[in-house]
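Novice: Here is a sequence together with a model predicted from it:
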Protein chains: 2
Amino acid sequence: MTEHPPILHQRNLEDTLKQIIYLLNKQQLVSHLVKKQDSPRQELIQTLVAKQQLAELRQKLESLHPADIAYVLEQLPLPQRIMVWDLIDVKRYGAVLLEVSDAVRASLIDDLEHKELIHAVEHLESDEIADLMPDLPSDMVIAVMKSLDQSDREQVQSVMTFPEGSVGALMEFDVVMVREDISIDVVLRYLRRRGEIPNDLDQLFVVDREGLLKGGLKLNKLLISSPDSLVSELMNPDVVFFYTHDDAGEATGAFERYDLISAPVLNSHNQVVGRIGIDLVMDFVEERAKKERLGQVGLTEEEDLFAPVWHSARNRWLWLGVNLMTAFFASRVISVFEDAIVQLVALATLMPIVASVGGNTGNQTVALVIRGLALKQINRSNVRYLFAKELSISLLNGTLWGSVMGLFTFVLYQDMTLSLVMTSAMILNLIIAALTGTLVPLTLHRLNRDPAIGSSVMLTFMTDSMGFFIFLGLAVVVLL
Amino acid sequence: MTEHPPILHQRNLEDTLKQIIYLLNKQQLVSHLVKKQDSPRQELIQTLVAKQQLAELRQKLESLHPADIAYVLEQLPLPQRIMVWDLIDVKRYGAVLLEVSDAVRASLIDDLEHKELIHAVEHLESDEIADLMPDLPSDMVIAVMKSLDQSDREQVQSVMTFPEGSVGALMEFDVVMVREDISIDVVLRYLRRRGEIPNDLDQLFVVDREGLLKGGLKLNKLLISSPDSLVSELMNPDVVFFYTHDDAGEATGAFERYDLISAPVLNSHNQVVGRIGIDLVMDFVEERAKKERLGQVGLTEEEDLFAPVWHSARNRWLWLGVNLMTAFFASRVISVFEDAIVQLVALATLMPIVASVGGNTGNQTVALVIRGLALKQINRSNVRYLFAKELSISLLNGTLWGSVMGLFTFVLYQDMTLSLVMTSAMILNLIIAALTGTLVPLTLHRLNRDPAIGSSVMLTFMTDSMGFFIFLGLAVVVLL
């Protein structure tokens, strides 16, 4: 682990970005002038100025934490981004690549040569290298693997074999292990000899001769206890641990619930093979929230703010296509009732209300069910209760607000039957919204798919099509 | 800080819940039988059995971590929840109240008497008491305040004066401070005498005589360095700190970016007054994600899974009301064109497609802009670029998919002009979606309001009303 330059406050970070953009613009202006100059003397001066600017920019970048460089890179359009990237010390490429978003990472890796990448990767831990691997072109993966020594290569391979979203795929390898029958004094001497303890390590792992986990020994305790005590007296035998095959989301839950800082990771033989720390958990939480947020609107890929328009447009096609299809289907439902609409045009005016209110209330149910599933609050024992509750709410709200809409309808069209059709259609569509809003996320969850992605589309499809069908159908039966 | 019982894996947590529900059901069955029994001897036996069951249940609960008790309480309908709550040791009430969700907390506090609450609060830190205060009825707040000693009361009051969402409102008071001119040996002796170091503390804060922050000294470094070194030699002078008035969201960003575990909090005189730790940051992130998720669908209040139907129904009214109004407005837009619809009923069939596709693509823009704002990726220097990009994408996608829809329209209705109206309306509505989808979240953000809440409603309002207006208006101008 390398020492990093000082860290900036957010305020200063924005100022830094402004400075860099200012330096970049000056630099571009100067290079522009250099090209246009005719006299060799003037050209020389301009070139000197340009070099000085570059040095200033390079120095500025050197003073930044990799996370802050990542922030700057993400804010810059592609040509300027590459300009800044080329000014960064190759040694720090790896650390910066780990910090940038996936979309920006791709744009930077495109600019890298094999040699540079191998040089960059030299300074990373094996779990960090494994993180980068999926984003590298396959020839680069082979080149990087060749450049690693035996043990690193094995570690990288082992991380890469764990499925995405498992604890194994997240874990780090740098653990500190001690035996339970030694004294604190021996532990302290061992640590001094070792010389460095990872930054986010809050406990040593106590293991036996076979590497089986016996407990955890917090650094806090180590500091305040007498040197003669034994590890076994001070350790916590009930330390929370995870298996490599555990679900990372579940581990995250445990970190939140029990305020953990780190936890040992065991293989299926109960041997300690690694460690999962709160920083990785935070990254995972952030990543999951992002996926969920963008997944809700059908964006499968994160968008680089400065990606080409064509690329961004295609990223949105899936969603556009799905929505065109559902809208088209709803439109075909309406077309069945064209005769009725010609006879009573108010039907065309009122029908979107039924569909729209159904969709919106259904999305409330979807949001609550997804949240309940994420917090493991919904299980076999209360799912029936949940159904009954959502149905009652929709019946209550449908009756109440359906009547309000019925009244409006009567005021507008002075047609009592039409107003009754409106009220009934709203009640029925809210019931459908409650049913779909509960069933769809529960089903997706049972099928091991993320309910946050797709539930909303399915719901809107149902409430639109059924909203039109119920309202127009009722009108045909009762009115015409 | 009290020692907690061992922690459970999620798997075991669900088993524990099942056991408790089983014990509860048995208990209810037995008490039911007791009431029905006639013979005094049988009654006696049943009462004894009932008592045994209760003892078993109490023992089970005692073995659980407060976070796990909170989980159990949240899974139970109100009567059973209160039954379990009454079995919990009063000493642990405070810890459990801190862990449950707001909605469930209210139901538990309702069941508490003043004395019990004061007893519960005795075991909490002052920042934890301040957390509970907003949920207590005002007479209880006064009673709790009276029960505290001078310094605790002042701390609680100081936390409560900081606005919600500030670092001050989140911070803890238990910090360990040392001077820079002392040796590590002295620090270690001081820590041993002090006897306890908070669980999530990873660094001591180095201050001068006036309490001004000089740096941070990591426990890691303390452990591996020679006892003669001075604090000033080992400390990190560039420690990340926050002011009490800093925005908690910004602090969260810094924790994520720099992988912090804890950071000192300073008052406006640069004196260390507290500490903010990763566990509080995690809770804040979780809380914010929840608010955002539920705020998107207009739920201002978290819903207890077992809250009464009437209560839940009212929680959803605001959103229902807003959506009824926007749907009603859109319906009034259509009504202007009733004559046109009677002349060409295909208009009624096709109009929802224009509105719906506009709303859905606009929501993609909204999600991306909100994400960009949250990551501070959007600023004055690139907002114009963002606009241009979203407009280009909508123009591109509008032309492409509008043409597809135009083709469908032609196949269905064999009307070239209608099909051109369809294509043009889709292009125009996608442009409106891009404009609204960018402008609305940016404006809400500039007004210091959460763009995640409300953007979507405003967007749908625009794309629905304008979708109908553009499509029907164009049709009237061109076709009729």
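Specialist: That came in fine, so what should we check first?

Novice: all helices for the stretch 301-450 of chain A, in order.
Specialist: Listed in chain order, the helices of the stretch 301-450 of chain A (DSSP state H, counting those that start in this stretch) span A:309-315, A:317-335, A:338-343, A:346-374, A:383-413, A:416-446.

Novice: looking at the ones you listed, which has the lowest confidence?
Specialist: With a mean of 87, helix A:309-315 has the lowest mean pLDDT of these.

Novice: mind listing what's buried in stretch A:62-79?
Specialist: A:64-76 (16 or more other C-beta atoms under 10 Å in any protein chain shown). All C-beta atoms are positioned from the backbone trio N, CA, C, and that covers glycine.

Novice: And the furthest pair within the residues you listed?
Specialist: A:65 and A:76 (17.2 Å; C-beta to C-beta).

Novice: how close does the residue nearest the centre of chain A get to residue B:351?
Specialist: Nearest to the mean C-alpha position of chain A, by C-alpha atoms, centre = their mean, lies residue A:287 at 2.1 Å. Separation of residue A:287 from residue B:351 (C-beta to C-beta, to the nearest Å): 40 Å.

Novice: Ok, residue A:279 next?
Specialist: As judged by C-beta to C-beta, residue A:279 and residue B:351 stand 52 Å apart.

Novice: Those two - which one has more neighbours?
Specialist: Set residue A:279 next to residue B:351 and count neighbours by other C-beta atoms under 10 Å in any protein chain shown: residue B:351 wins out with 30 against 20.

Novice: Would you confirm that residue A:241 contacts residue A:267?
Specialist: No: using C-beta atoms under 8 Å, residue A:241 is not in contact with residue A:267; the gap is 11.1 Å.

Novice: pretty sure the residue nearest to the centre of chain A is in a helix, no?
Specialist: Yes: applying DSSP: H, G, I helix; E, B strand; the rest coil, one finds residue A:287 inside a helix.

Novice: hmm, back to that, any chance of the buried residues of stretch A:62-79 in a markdown table, with secondary structure too?
Specialist: Below are the buried residues of stretch A:62-79 laid out as a markdown table (three-state DSSP):
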| residue | secondary structure |
| --- | --- |
| A:64 | coil |
| A:65 | coil |
| A:66 | helix |
| A:67 | helix |
| A:68 | helix |
| A:69 | helix |
| A:70 | helix |
| A:71 | helix |
| A:72 | helix |
| A:73 | helix |
| A:74 | helix |
| A:75 | helix |
| A:76 | coil |
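
Novice: out of those residues, who's near chain B?
Specialist: A:65, A:67-68, A:71, A:74-75 (C-beta under 8 Å from any C-beta of the partner chain).

Novice: higher neighbour count, residue A:241 and residue A:267?
Specialist: Neighbour count, other C-beta under 10 Å: between residue A:241 and residue A:267, residue A:241 has more, with 22 against 15.

Novice: Identify the residue spatially nearest to the more buried one, adjacent ones excluded.
Specialist: What sits nearest to residue A:241 in space, not counting adjacent residues and going by C-beta to C-beta, 6 or more residues apart in numbering or on different chains, is residue A:264, at 4.7 Å.

Novice: measure residue A:418 to chain B for me?
Specialist: As for residue A:418, its distance to chain B is 13 Å (criterion: C-beta to the nearest C-beta, to the nearest Å).

Novice: do residue A:355 as well
Specialist: Distance, residue A:355 to chain B, using C-beta to the nearest C-beta: 7 Å.

Novice: OK, contacts around that residue?
Specialist: With contact taken as C-beta atoms under 8 Å, 6 or more residues apart in numbering or on different chains, residue A:355 is in contact with A:330, A:429, A:463-464, A:467-468, A:471, B:352.

Novice: can we see that at 7 Å?
Specialist: Residues in contact with residue A:355 (C-beta atoms under 7 Å, 6 or more residues apart in numbering or on different chains) are A:463-464, A:467-468.

Novice: Once you drop chain neighbours, what's closest to it?
Specialist: Spatial nearest neighbour of residue A:355, chain neighbours left out: residue A:467 (3.4 Å); criterion: C-beta to C-beta, 6+ apart.

Novice: can you confirm the one you found is in a strand?
Specialist: No: read with three-state DSSP, residue A:467 is helix and lies in no strand.

Novice: Give the burial count for it, as a bare number.
Specialist: Neighbour tally, residue A:467, other C-beta under 10 Å: 30.

Novice: which one of the buried residues of stretch A:62-79 is nearest residue B:179?
Specialist: Nearest to residue B:179 among these, with distances taken as C-beta to C-beta, is residue A:65, at 28.0 Å.

Novice: phi, psi of that closest one?
Specialist: phi -70, psi 140 (degrees, to the nearest 10).

Novice: do the same with residue A:209
Specialist: When read as degrees, to the nearest 10, the backbone of residue A:209 gives phi -60, psi -30.

Novice: Roughly how far does it sit from residue A:231?
Specialist: 14 Å.

Novice: Counting neighbours, go ahead and name the busier of the two.
Specialist: residue A:231 (23 against 6).

Novice: burial measure for the closest residue to the more buried one other than its chain neighbours, as a count.
Specialist: Distances taken as C-beta to C-beta, 6+ apart place residue A:180 nearest to residue A:231, at 4.9 Å, with adjacent residues excluded. Per other C-beta under 10 Å, the neighbour tally for residue A:180 reads 17.

Novice: per-residue pLDDT, residue A:180?
Specialist: pLDDT, residue A:180: 92.

Novice: does it really touch residue A:206, like I thought?
Specialist: Yes: Residue A:180 is within contact range of residue A:206, at 5.0 Å (criterion: C-beta atoms under 7 Å).

Novice: what's the domain layout of chain A?
Specialist: By the assignment in automatic domain parsing, chain A contains the domains A:10-161, A:177-294, A:316-479.

Novice: dump the residue contacts of residue A:99.
Specialist: Applying C-beta under 7 Å, 6+ apart, the residues near residue A:99 are A:66-67, A:70.

Novice: rerun at 10 Å
Specialist: Neighbour list for residue A:99: A:65-71, A:73-74, A:105, A:283, B:257 [criterion: C-beta atoms under 10 Å, 6 or more residues apart in numbering or on different chains].

Novice: tell me the helices in the stretch 101-250 of chain A, going along the chain?
Specialist: For the stretch 101-250 of chain A, helices defined by DSSP H, counting those that start in this stretch occupy the ranges A:102-109, A:114-121, A:126-132, A:138-147, A:150-161, A:167-170, A:184-194, A:219-224, A:231-234, A:248-258.
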